[in-house]
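**Student:** What follows is a protein structure lacking sequence information:
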C-alpha cells in the first residue's frame with residue numbers, strides 16, 4: 001500500500017523521511033526496503049532513511065531513550081539498510097520537519113531521541129544548533145587508501161570516526177591521494193569491528209578546515225555532521241585547544257574552540273565548549289513530499 005514520505009537534506013547530506021508517528025505503519029524497517037528507497041535511480045534517493053516515530057510507540061527506541069526525556073525518536077538507517085547510532089545532518093532535518101508539521105513548540109529546545117541518546121536542538125531561522133554531547137577520545141589509529149597511509153584520531157560522536165590529516169602539499173581533490181573514495185578506505189578491523197566513518201582533513205587557515213568523508217553503510221557523502229564534529233575535535237586537540245576549550249578567552253577564563261568545517265555540500269560551524277560539549281550549527285531543509293509504494 002502507498003505510504004507518505006518526505007525528502008530533505010542538511011548541507012546536501014540527503015534523507016528520505018518516513019512519518020510513522022504511532023509506530024504502526026512500517027514495523028521493523030526491512031533493509032531491502034531502505035536500500036530501495038535510497039536508490040538514486042530506481043527509488044527516491046538518499047544517503048539514509050529517517051523514520052519519525054514517537055519514542056513511546058517504538059520498543060527499540062525505549063531501549064535507548066526514556067519517553068519522558070524525548071517524545072520523538074529518530075530511527076536512522078544507512079542507505080544499505082544498516083542501523084546507525086546517530087546522524088548529525090539527519091537530526092537537523094528531523095527537527096526541521098517536526099517544526100514545519102507543528103509537532104513541537106517553536107522557540108523552545110527540541111529533544112530528539114537517537115540510538116546515541118537524547119540530542120537537544122535549538123532553531124533560529126535557518127540556523128539549527130545541536131548539542132551533540134561529549135566526544136569520546138580513544139587515541140590514535142591508522143587508515144589507508146591504496147598504498148598511502150595516514151595516522152588517524154579515533155573519535156566517537158555516538159558513532160565511530162577515524163580522522164586523518166593530509167600532509168602538507170596534499171589536497172582533497174579527486175586526483176589527489178584520497179582519490180574518489182568510491183571504495184572503503186582500509187582501517188583496523190580490530191579497532192572498528194562494526195565499521196567506521198573515515199574523514200580526511202585539509203587545513204585552510206586558522207580555525208578553518210575542509211574535509212571529505214566515507215560513511216560506513218553509505219559510501220562517500222556530500223556531508224557528515226558527526227564527521228564534522230569529530231574533525232573539529234581532532235583539529236582542536238592538534239592545535240592544543242582541548243580537552244573542551246583550553247584557550248584563554250581574554251578575561252582569564254577558557255573560551256570555546258570553534259571551527260569552520262567546509263564539506264562538498266556546504267559549511268558547518270562546530271564549537272567544543274569549556275563544558276566538554278560539542279555544538280554543531282548548520283542549515284537543514286525539507287524539499288519535497290509525496291507517497292510511494294516502494
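**Tutor:** That came in fine, so what should we check first? These numbers were taken from a predicted model, which means no experiment stands behind them.
**Student:** check contacts around the residue lying closest to residue 136 once chain neighbours are set aside.
**Tutor:** Closest residue in space to residue 136, ignoring its immediate chain neighbours: residue 156 at 3.2 Å, by C-beta to C-beta, 6 or more residues apart in numbering. Yep, even glycine has a C-beta here, placed from its N, CA and C like the rest. Residue 156 sits next to 135, 136, 137, 138, 230 when contact means C-beta atoms under 8 Å, 6 or more residues apart in numbering.
**Student:** Let me see the contact set for residue 96.
**Tutor:** Contact analysis of residue 96 by C-beta under 8 Å, 6+ apart lists 8, 123, 128, 284, 285, 286.
**Student:** repeat that with 6 Å
**Tutor:** By C-beta atoms under 6 Å, 6 or more residues apart in numbering, the contact list for residue 96 reads 284, 286.
**Student:** What score does it have for pLDDT?
**Tutor:** With respect to pLDDT, residue 96 has a value of 98.
**Student:** Could you give me the buried positions within the helix or strand encompassing it?
**Tutor:** In this structure, residue 96 sits in helix 88-100 according to DSSP states H and E. Residues of helix 88-100 classed as buried: 88, 89, 90, 91, 92, 93, 94, 95, 96, 97, 98, 99 (neighbour count, 16 or more other C-beta atoms under 10 Å).
**Student:** again with stretch 97-114
**Tutor:** 97, 98, 99, 104, 110, 111, 112, 113, 114.
**Student:** what's the nearest residue to the second one if we skip its chain neighbours?
**Tutor:** Counting by C-beta to C-beta, 6+ apart, the nearest residue to residue 98 once its immediate chain neighbours are dropped is residue 104, at 4.6 Å.
**Student:** Any idea what the residue nearest to residue 136 is bridged to?
**Tutor:** residue 136, residue 160 (DSSP bridges).
**Student:** Look up how far residue 72 lies from it.
**Tutor:** Distance of residue 156 to residue 72, computed by C-beta to C-beta, to the nearest Å: 24 Å.
**Student:** How about residue 276?
**Tutor:** 26 Å.
**Student:** Could you export the buried residues of helix 88-100 as CSV, including distance to residue 238?
**Tutor:** Listed next are these as CSV, based on distance: C-beta to C-beta, whole Å:
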residue, distance to residue 238
88, 21
89, 24
90, 27
91, 27
92, 26
93, 30
94, 31
95, 31
96, 33
97, 36
98, 36
99, 36
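**Student:** which one of those is nearest residue 206?
**Tutor:** Set against residue 206, the nearest of the buried residues of helix 88-100 by C-beta to C-beta is residue 88 (23.6 Å).
**Student:** wait, what's in contact with that closest one?
**Tutor:** Contacts of residue 88 by C-beta under 6 Å, 6+ apart are 225, 226, 280.
**Student:** Filter those down to the ones in helices?
**Tutor:** Members of these lying in helices (criterion: DSSP state H): 225, 226.
**Student:** and which of the contacts of residue 88 is nearest to residue 30?
**Tutor:** residue 226 (24.9 Å).
**Student:** so the closest one makes contact with residue 157?
**Tutor:** Yes: applying C-beta atoms under 6 Å as the test, residue 226 and residue 157 come out as touching, 4.2 Å apart.
**Student:** the inter-axis angle of the host helix or strand of residue 231 versus helix 88-100?
**Tutor:** Per DSSP H and E, residue 231 falls inside helix 225-238. Orientation of helix 225-238 against helix 88-100 (axes from the mean of the first three to the mean of the last three C-alpha atoms, to 10 degrees) gives an angle of 130 degrees.
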